[in-house]
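Novice: give me a model of this one.
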Amino acid sequence: MKLDIGGVETIQVPVEALWKALNDPVVLTRCIPGCKTMTEIAPDAYKVEMQLRVAAVGGSFEGEISPAFFSQAPCR
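Specialist: Numbers count the residues shown, from 1 in each chain. Here you go, the predicted model:
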């Protein structure tokens, strides 16, 4: 199963502050819907535990992520 979370947000902070937050697993855990934990297992790779519910159906899921933006420099 593939979970695809998307959207657009405008965040009024300096690029450097936003980039730092986007590369912080603690911040990402708070921002990703249903994410309970994010544990680094390798450079730029994390084990995640999520609890999701859609209507009356829900469950807990484990997986690994390697966000593509971790390896990219911030753009202006």
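Novice: the strands in the chain, which residues?
Specialist: Using DSSP state E, the strands of the chain run over residues 35-42, 45-54, 57-65.
Novice: any idea how far the residue lying farthest from the centre of the chain is from M50?
Specialist: No residue in the chain sits farther from the centre than A56, which is 24.4 Å out by CA atoms, centre = their mean. According to CB to CB, to the nearest Å, A56 and M50 sit 18 Å apart. Where C-beta positions appear, they are placed from N, C-alpha and C, glycine not excepted.
Novice: try P33
Specialist: For P33 relative to M50 (CB to CB), the value is 8 Å.
Novice: and those two? Which one has more around it.
Specialist: M50 (18 against 9; other CB atoms under 10 Å).
Novice: so the more buried one sits against G34, correct?
Specialist: Yes - using CB atoms under 8 Å, M50 makes contact with G34 at a distance of 4.5 Å.
Novice: which non-adjacent residue is nearest S60?
Specialist: Q51 (5.0 Å; CB to CB, 6 or more residues apart in numbering).
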